[in-house]
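> Here you go, sequence then predicted model.
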Amino acid sequence: MHNYKELIVWKKAIRLCAHIYRLTADFPNEERFGLISQIRRAVVSVPSNIAEGGGRRTDKEFAHFLGIAHGSICEVESQLYVSVELEFTYFDKIDFITTEITEIQKMLYALILKFDSKI
């Protein structure tokens, strides 16, 4: 078992959830069951999968769930760009979020490589 709560990437993913929830609160109400729901589910999936992997027994299982978290963070990034394209938000409002996303992506990838090399 891995102590995911000590991982900086998990802490950053938790903070990212709060940023995304605040950002999407300003999206059009008719997107409540569309893009808002989708991006919120994807962003919550990131720390959730880090935690689930951390609760598993083996490094291989942990690496698998880190991979799922990495996929989810890429999904969030893509959905942010869709949001800009639809003019629900603007680049200047998401710039710091996309910077955080890039950092989380790199951290997840590094962890995946670390645990994959142990297998």
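Received the coordinates, thanks. Residues are numbered from 1 along each chain as shown.
> Apart from its chain neighbours, what residue comes closest to I8?
M107 (6.9 Å; CB to CB, 6 or more residues apart in numbering). (C-beta placed from N, C-alpha, C; glycine too.)
> burial of the one you found, as a residue count?
Applying other CB atoms under 10 Å, we find 20 residues neighbouring M107.
> shaky segments in this structure?
The chain contains residues with pLDDT under 70 at 1, 118-119.
> same thing but 90
The chain contains residues with pLDDT under 90 at 1-3, 57-59, 115-119.
> before we move on, back to that, who's in contact with the residue nearest to I8?
I8, V9, K12 (CB atoms under 8 Å, 6 or more residues apart in numbering).
> in whichever strand or helix holds it, what's buried?
Here M107, judged by DSSP states H and E, is contained in helix 91-118. For helix 91-118, a neighbour-count test (16 or more other CB atoms under 10 Å) marks I94, I97, E100, I101, I104, Q105, M107, L108, L111, I112, F115 as buried.
> Stretch 76-92 too?
Buried residues in stretch 76-92, counted by 16+ other CB under 10 Å: V76, E77, Q79, L80, S83, V84, F88, T89.
> Quick check: end-to-end length of it?
Between the opening and closing residues of stretch 76-92 lies a distance of 17 Å (CA to CA, to the nearest Å).
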